[in-house]
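In: just coords:
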Ligand code: WT7
């Protein structure tokens, strides 16, 4: 099946923005011939500038690139105010609660609510341009209002996913030196209330830069209120004026930070700036999802991840679309929930992760056929490779073999899609991200920039700067340069390396082969092995630890930890093992959150290390997979350790 090519639906192509591969190649050529002209024209066309930019791309301080210098704008105006002339009564956000509650928020209403929120932050809590505001929120419309309110004031938001623990939240608050936290008491999941505010309370214990906490009361459960620090949004919002002048922002003023894992060290605060980010968010919404004025678009991500930023809030609103926000989970009350929502809202574009597709396939193979989901036109996937069986089910059962599947490849750092099919143009190869979008120069190369021959795996690089690229690692320029521009050069110049491997076939299709570093992809979420290892090392019994990814049927990868203990466990091993595994996972939940829990923890007498002390994770990956070890192990300090570990894992 993987060799089969699926042509775009001709009826869809007729009205698509990019209708054919000829259209696509014309745009690619335009960008190649005049890179700055290409981007400059789109920036003029798509962004409502308060003052025009004077320079498209400034490379003089590479790899700190700047785009659209001299331009002034406000991203909240790009997403809201400019639509009030012709779309004020169009629904901007459809909210569906876990229990099925529905709320329709028009662009006018959105304007009203964001302005009030901005005034609350500004007048009551002194939030101003450049301040960092941490948002720790469930999937409720107030999360989007909070983001846009920050953008309106020029404050830099940093959303922390609600699944992260108090420790992880504390680290991110500290690193960004946030002054305000916006949170909720909690929300609902699978019919039951769950809590967030107590996590914030723990995160703020001891010394903290946070002065004020704004609490949206969603589930109205009992919470502790710290006097002088915690304030109820619900009680204060009515008194705020609904007019808040938008701050005049430079193109390169920061819009937000989003922490993500790298292969080493603590999470990095990926910084995105204003104009370039919003331009590409909007353009990719238009090209890749081809959302039309009367369409309803649904991305199932959480606002805590980059997908939620770009493709639930900023992209859809910048283009004036109707975007769905869903509080619940796709399998509650049953595996038909998503298809029921597709029917009810007549959803036209549906965007989710392969993990969700695998779960929905497994739990409800026939569920799609129970609903009228004929409104669907484009299906999207993101975050990890999609395997052919999941792809086939998605294409046939969900898309009735008439919807394009856009397998979008990108990263927190890229801000928006980099490699993706275009639904009206690209002949699709299943489980393949296909081609770089026009204006994006993606190459598969060696470390010295030499293109890899057809069919050979190499470093996936974006070799020219693009508008929505990461601008910095918050507070750490050196780490920015080292992490992204430290591995590959082309013609002597450092180029952006994604961390992923890829290969290109004879027709130019790009297939992502997975991370080339020690990053693990669990359910489409990035986990750094170093981060999990650091958490495990907090246990006083642990001497050494190495963490790797192991292929997992539903999650893509699961986390597999090899641990050596300071004192060996008792001879009556089994119960000790179980207790110790539990203890270690409890630490992980505390330090990082449930998403980092290890499916396997094994206690081994030692780790495979080179004579210079480097842990050979490749060997550990093979053992976790149950593969024969084919690597040369003679260079290990103690080659016999490999057999010992294999015996323990295979026991
Ligand atoms: C990493 C980025 C992009 C938003 C969600 C994840 C992997 C992403 C694909 C895809 C194969 C993919 C890469 C990438 N990835 N999309 N379509 N096919 N792999 O964002 O947490 O920044 O992770 O996800 O390994 O580097 P993220």
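Out: Alright, I've got the coordinates. Predicted, not measured: the structure shown is a model, and the values here were computed from it. Residues are numbered from 1 along each chain as shown.
In: can you pull out the strands in the stretch 301-450 of the chain?
Out: 322-326, 349-352, 378-382, 404-408, 442-445 (DSSP state E, counting those that start in this stretch).
In: So what are the sheet partners of the third one and their directions?
Out: Right, the one you point to is strand 378-382. Strand pairing for strand 378-382, using DSSP bridges, gives strand 349-352 (parallel), strand 404-408 (parallel).
In: Dump those to TSV, plus distance to the ligand and mean neighbour count.
Out: C-beta: built from backbone N, CA, C; applies to glycine. Converted to TSV, these look like this (distance: least, Cβ to the nearest ligand atom, whole Å; neighbours: other Cβ atoms under 10 Å):
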stretch	distance to the ligand	mean neighbour count
strand 349-352	11	26
strand 404-408	5	25
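In: picking that back up, and the strands of the stretch 301-450 of the chain: which comes nearest residue 337?
Out: Closest to residue 337 of the strands of the stretch 301-450 of the chain is strand 322-326 (Cβ to Cβ; 8.8 Å).
In: and residue 192, how many neighbours?
Out: By the criterion of other Cβ atoms under 10 Å, residue 192 has 10 neighbours.
In: Kindly report the same for the one 3 residues further on.
Out: Neighbour count for residue 195, taken as other Cβ under 10 Å: 15.
In: Could I get the pLDDT score of it?
Out: Per-residue pLDDT puts residue 195 at 98.
In: 52 is where my numbering starts, stick with that
Out: Noted, 52 is the first residue going forward, which turns the last one into residue 246.
In: returning to that earlier point: can the strands paired with strand 429-433 go into CSV with extra columns for mean pLDDT?
Out: Converted to CSV, the strands paired with strand 429-433 look like this (pLDDT from 0 to 100):
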stretch, mean pLDDT
strand 400-403, 98
strand 455-459, 98
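In: How is the chain divided into domains?
Out: 61-131+307-529, 159-298, 574-701 (automatic domain parsing).
In: can you tell me the distance between the two ends of the longest one?
Out: Distance between the boundary residues of domain 61-131+307-529 (Cα to Cα, to the nearest Å) amounts to 49 Å.
In: picking that back up, can the strands of the stretch 352-501 of the chain go into a markdown table with extra columns for distance to residue 170?
Out: Converted to a markdown table, the strands of the stretch 352-501 of the chain look like this (distance: least, Cβ to Cβ, whole Å):
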| stretch | distance to residue 170 |
| --- | --- |
| strand 373-377 | 23 |
| strand 400-403 | 33 |
| strand 429-433 | 35 |
| strand 455-459 | 36 |
| strand 493-496 | 43 |
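In: So which of those is nearest residue 78?
Out: strand 493-496 (14.6 Å).
In: what does the next helix or strand after that closest one rub up against?
Out: Remark: after strand 493-496, the chain's next helix or strand is strand 509-513, criterion DSSP states H and E. If you take Cβ atoms under 8 Å, 6 or more residues apart in numbering as the criterion, strand 509-513 is touched by 465, 469, 491-498, 500, 502-503, 520, 538-539, 541, 546-549, 551-554, 561, 563, 567.
In: can you map out the strands along the stretch 152-301 of the chain?
Out: 153-157, 183-187, 207-210, 231-235, 237-240, 243-246, 263-267, 281-283, 300-301.
In: so, in contact with the ligand or not, the third one?
Out: No. Against the ligand, strand 207-210 shows no contacts by Cβ under 6 Å from any ligand atom, the least distance being 13.2 Å.
In: Neighbouring strands - and their directions - for that strand?
Out: In the sheet, strand 207-210 lines up against strand 183-187 (parallel), strand 305-311 (parallel) (DSSP bridges).
In: Ok, the last one next?
Out: Applying DSSP bridges to the sheet, strand 300-301 is found paired with strand 123-124 (antiparallel).
In: From the rest of the structure, what touches the partner strand?
Out: Contacting residues not belonging to strand 123-124 are listed as 98, 99, 100, 101, 102, 299, 300, 301, 302, 325, 326, 329 [Cβ under 8 Å, 6+ apart].
In: Of the domains of the chain, which is nearest residue 143?
Out: Judged by Cβ to Cβ, the one of these that comes nearest to residue 143 is domain 159-298, at 4.6 Å.
In: first vs last residue of the closest one, how far apart are they?
Out: Terminal residues of domain 159-298 are spaced 19 Å apart (Cα to Cα).
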